[in-house]
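**Q** sequence first, then the predicted structure:
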Amino acid sequence: MTDLSLAAARTIVDTALATARSRGLKPLAVIVYDARGSLKCVQVEDGASLRRAEIALAKANGALALGLGSRAIAKRAEEQPHFVAAVSHVVGPAALVPVPGGVLIREGERVVGAVGVSGDTSDNDEICAVAGIEAAGLRADTGA
C-alpha cells in the first residue's frame, strides 16, 4: 500500500466503533486522515457529545503535526508545557489536543495517516483507534 485507501480508512472507523460498542463505551467520533492531512473518513455516533468530532480531529492533527502519537504529546505537555502551547499556536486553534486517542498509522516505518477518537476516556479512545488500525492490517503508533 503506498497511500491510505478509503477502504482501509473505513475499516479503521468501522472497527473502532464496533470495539466501542463491544466494550459498552460512550458514543464516539472517529476521524481518519491520510499522511498529508487530507480527511479520508469521519463518523460520529448518535448521542456523542457536542464537539467530539473537533476533539478527535485535533488529536489526529496533532499526531500528524508532530509525528508522534498523542500519548507521547501528552507526556511532552507535562514535561515541556511551553513547547506544546507554542505548537498549539503554530498548528492553529483547536488543532492539537495533547491526550491519548490520536494515533499515527504506519505501514512499516512510514506514516500513512492518523486516527483521532474522542468520546470516552482517552485511554479507551486510544484502544478503539488501535483496534481499527490493526484491523486494516497496519501498525498503530500511540507514542507509548
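**A** Arrived safely. Residues are numbered from 1 along each chain as shown.
**Q** all contacts plus neighbour counts: C-alpha atoms, from now on.
**A** Fine.
**Q** any regions of this structure where pLDDT drops low?
**A** 1-2, 92-94 (pLDDT under 70).
**Q** select the longest helix from it.
**A** Scanning the chain for the longest helix, with DSSP state H as the assignment, gives helix 6-23.
**Q** how about whichever strand or helix holds residue 127: buried residues?
**A** Assigned by DSSP states H and E, residue 127 falls within helix 122-135. Buried residues in helix 122-135, defined by neighbour count with 16 or more other C-alpha atoms under 10 Å: 122, 124-135.
**Q** where exactly do the strands run in the chain?
**A** Assigned by DSSP state E, the chain shows strands spanning 29-34, 39-44, 102-107, 110-118, 139-141.
**Q** counting contacts, what elements does the longest one pack onto?
**A** Using 3 or more C-alpha pairs under 8 Å, 6 or more residues apart in numbering; DSSP states H and E as the contact criterion, the neighbours of strand 110-118 among helices and strands are strand 29-34, helix 52-66, strand 102-107, helix 122-135.
**Q** so in that sheet, which strands flank it, and in what orientation?
**A** Applying DSSP bridges, strand 110-118 is found paired with strand 29-34 (antiparallel), strand 102-107 (antiparallel).
**Q** between the first one and helix 52-66, how many degrees?
**A** Relative orientation of strand 29-34 and helix 52-66, computed by axes from the mean of the first three to the mean of the last three C-alpha atoms, to 10 degrees: 30 degrees.
**Q** quick one: distance of strand 29-34 to the chain centre.
**A** Relative to its parent chain, strand 29-34 has a centroid offset of 6 Å by C-alpha atoms, centre = their mean, to the nearest Å.
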